[in-house]
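Colleague: build me a model:
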Amino acid sequence: MKTLALLFSLMFVTSAAPTLYKFKLTDIDGKSFSLKKYKGKKLLIVNTASKCGFTPQYKELQKLADTYKDKLVIVGFPANNFGQQEPGTNTDIKAFCEKNFGVTFPLSTKVSVKGDDIDPLFAYLTSAPNPDFTGEIKWNFEKFLIDENGNLIHRYRSTVTPMSDEITKAL
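Modeller: From the prediction side, this is the model:
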């Protein structure tokens, strides 16, 4: 993890800062996608889990997605890194989110958001400069706000709720 974070830090020093659009991802249904298709809108990237005290945030995430659909896309990234709170399969996760919270925003396949097997997107996000803080994700439902050009502009801890003024004013 430290080596990967150092590599991303060096990229910022030696070249123009990369954006999220370079990452290839897999959605919850196993199809490849790129965040580039959302260029021109802000993105809120959230590491999620189905069995967490913060899981009810799915409801507010959906409300945020619906309220700001013309200028914001939310992408959830299920992760099992914290207390084994996302043990299900991608099929289980998708069904849980749809049934319990009416989630229609995009979900990724389950990824790792910290540790030796950290997904490259999250290695980038946790080391990318922003006005808030960098470093390892501490728990489920941390949020990364990306501008219309793919640059990280804010990072929020789990306790910041999706419909909070802190987030909505940044949109």
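
Colleague: beta partners of the most centrally placed residue in the chain?
Modeller: Nearest to the geometric centre of the chain sits residue 45, at 2.5 Å (CA atoms, centre = their mean). Residue 45 forms beta bridges with residue 75, residue 144, as assigned by DSSP bridges.

Colleague: who's in contact with it?
Modeller: The contact partners of residue 45, by CB atoms under 8 Å, 6 or more residues apart in numbering, come to 20, 74-75, 77, 121, 125, 143-144, 146. Quick note: C-beta positions are derived from backbone N, CA and C, even for glycine.

Colleague: change it to 7 Å
Modeller: Residues near residue 45 by CB atoms under 7 Å, 6 or more residues apart in numbering: 75, 77, 125, 144, 146.

Colleague: which pair of those residues spans the longest distance?
Modeller: For those, the farthest-apart pair by CB to CB is 77 and 146; their separation is 12.9 Å.

Colleague: hmm, back to that, let me have the contacts of residue 45 in a markdown table, extended by neighbour count, pLDDT and distance to residue 132.
Modeller: Listed next are the contacts of residue 45 as a markdown table, based on neighbours: other CB atoms under 10 Å; pLDDT from 0 to 100; distance: CB to CB, whole Å:
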| residue | neighbour count | pLDDT | distance to residue 132 |
| --- | --- | --- | --- |
| 75 | 24 | 98 | 19 |
| 77 | 24 | 98 | 19 |
| 125 | 25 | 96 | 12 |
| 144 | 26 | 98 | 10 |
| 146 | 26 | 96 | 13 |
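
Colleague: circling back: look up how far residue 144 lies from the residue nearest to the centre of the chain.
Modeller: 4 Å (CB to CB, to the nearest Å).

Colleague: which residues do the two both contact?
Modeller: residue 125.

Colleague: which elements pack onto the helix or strand where residue 77 lies?
Modeller: Using DSSP states H and E, the element containing residue 77 is strand 72-78. The contact analysis (3 or more CB pairs under 7 Å, 6 or more residues apart in numbering; DSSP states H and E) places strand 72-78 against strand 42-48, helix 57-67.

Colleague: can you say which of those is packed in most?
Modeller: strand 42-48 (a mean of 24; mean count of other CB atoms under 10 Å).

Colleague: just the angle between that strand and helix 57-67, please?
Modeller: Put simply, strand 42-48 runs at 170 degrees to helix 57-67, going by axes from the mean of the first three to the mean of the last three CA atoms, to 10 degrees.

Colleague: would you mind identifying the next helix or strand past the helix or strand bottoming out on mean pLDDT in the chain?
Modeller: Sorting the helices and strands of the chain by mean pLDDT, DSSP states H and E puts helix 2-14 at the bottom, at a mean of 41. The first helix or strand that comes after helix 2-14 along the chain, using DSSP H and E, is strand 24-26.
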